[in-house]
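J.: Here you go, sequence then predicted model.
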Amino acid sequence: MPLTELALTPGIWLLLVGLGGLLALDAVSFPQIMVSRPFVSATIGGAMVGRPVGGMLVGAVLELLSMRHPPYGAAKYPDTGPAGLVAGAAYAAAGAASIEALVAALIGGWATGWAGSYAGHARRRLNGRLVADRPALAASPGRLERRVAAALAIDFGRGALVTAGFLVPVTLAAALAAGMPVAGGEAAFGAAALVTALAASIGAGARTTAPDGRAWAMVLLGAAIAAALLWNLP
């Protein structure tokens, strides 16, 4: 699609960057009301550029992909808030009608999520330094409150920076992909079903406690379903 048709203005970009910071906060800090889940955050991203259904489509696939990364313990997992927001907004801004744009948005969203994950790891190390002087903090509740506020501000800034860094490149990638042969809405949903089948199989395999052989069997089953869907695409 022509880049002049992108539904991403500087004002919307700035608003999305702020939302990215808030969604990063929701994941681990405050208020933790699950709006950072990719199904929700991608829908918000799509709605910001006028196509909430397109954002929801991307978010549904990212939600399945994120299921194999449960957020507990010391496990690394994607920062799904900014990831969904970027992917949903990018696909919606590119028209939300192209298989190629859908795939580009998904890849861009997944990259955003992992960049946010490593930024979050650095943020946790910084948080440790903020509260390292425990005797001084115990003696001064006001100082402790300021350190907590600083940690929240850092987390907001991390999400905003990750969103700002990936939003335009991913949107441009989706737009350039949409310049390839454009498919209709039915084919786009068919492609979503294709990716969903693969994502579901990988997620199911990762969630099971069975040996690796059974997990890969789930992946192969999803691949077979996806191949059947691809064969029947218009």
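T.: Okay, I see it.
J.: which SS class is Gln32?
T.: coil (DSSP: H, G, I helix; E, B strand; the rest coil).
J.: The nearest residue to it once chain neighbours are set aside: helix or strand, and which one exactly?
T.: With sequence-adjacent residues excluded and distances taken as Cβ to Cβ, 6 or more residues apart in numbering, Gln32 is closest to Asp26, at 6.0 Å. All C-beta atoms are positioned from the backbone trio N, CA, C, and that covers glycine. Per DSSP states H and E: Asp26 is located in helix 10-28.
J.: With Tyr77 instead?
T.: Applying DSSP H and E, one finds Tyr77 in no helix or strand.
J.: which residues touch stretch 118-127?
T.: Ala24, Val28, Lys76, Asp79, Ala151, Ile154, Asp155, Arg158, Leu161, Val162 (Cβ atoms under 8 Å, 6 or more residues apart in numbering).
J.: what angle do the strand or helix carrying the last one and helix 10-28 make?
T.: Counting by DSSP H and E, the secondary-structure element that holds Val162 is helix 141-178. Here helix 141-178 points in a direction 120 degrees away from that of helix 10-28 (axes from the mean of the first three to the mean of the last three Cα atoms, to 10 degrees).
J.: Can you mark which positions in helix 141-178 are buried?
T.: Buried residues in helix 141-178, defined by neighbour count with 16 or more other Cβ atoms under 10 Å: 144, 147-148, 151, 154-156, 158-167, 170-175, 177-178.
J.: before we move on, the earlier item: wait, doesn't the residue nearest to Gln32 sit right on Arg37?
T.: No: using Cβ atoms under 8 Å, Asp26 makes no contact with Arg37, being 9.1 Å away.
J.: Mutual contacts of the two, please.
T.: Common neighbours of Asp26 and Arg37 (Cβ under 8 Å, 6+ apart) are Gly81.
J.: Give me the neighbour count for Gly18.
T.: 14 (other Cβ atoms under 10 Å).
J.: surely it meets Ala160?
T.: Yes: using Cβ under 8 Å, Gly18 is in contact with Ala160, at 6.5 Å.
J.: domain ranges for the chain?
T.: Using automatic domain parsing, the domain parsing of the chain gives 3-182, 183-234.
J.: Compare the mean pLDDT across those and name the weakest.
T.: Ranked by mean pLDDT, the domains of the chain end with domain 183-234 at the bottom, a mean of 59.
J.: Does anything pack onto the helix holding Val162? Which helices or strands?
T.: Judged by 3 or more Cβ pairs under 8 Å, 6 or more residues apart in numbering; DSSP states H and E, the packing partners of helix 141-178 are helix 10-28, helix 80-93, helix 99-130, helix 134-139.
J.: For Val49, find the nearest of the ones you listed.
T.: Val49 lies closest to helix 80-93 among those, at 4.6 Å (Cβ to Cβ).
J.: between that closest one and helix 99-130, what angle do the directions make?
T.: 150 degrees.
J.: I'd like the numbering to begin with 14 instead of 1 from here.
T.: Sure, I'll start numbering at 14, so the last one becomes helix 93-106.
J.: Alpha carbons of helix 93-106, as CSV, please.
T.: This file holds the C-alpha atoms of helix 93-106, laid out as CSV (Å, rounded to 0.1, in the frame of the first residue of the first chain):
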residue,chain,number,x,y,z
THR,A,93,3.3,-8.8,25.8
GLY,A,94,1.8,-5.4,26.4
PRO,A,95,4.0,-3.3,24.1
ALA,A,96,4.3,-6.3,21.7
GLY,A,97,0.5,-6.6,21.2
LEU,A,98,0.1,-2.8,21.0
VAL,A,99,2.8,-2.5,18.3
ALA,A,100,1.6,-5.5,16.3
GLY,A,101,-2.1,-4.5,16.5
ALA,A,102,-1.5,-0.9,15.5
ALA,A,103,0.9,-1.9,12.7
TYR,A,104,-1.4,-4.3,11.1
ALA,A,105,-4.4,-2.0,11.4
ALA,A,106,-2.4,1.0,10.1
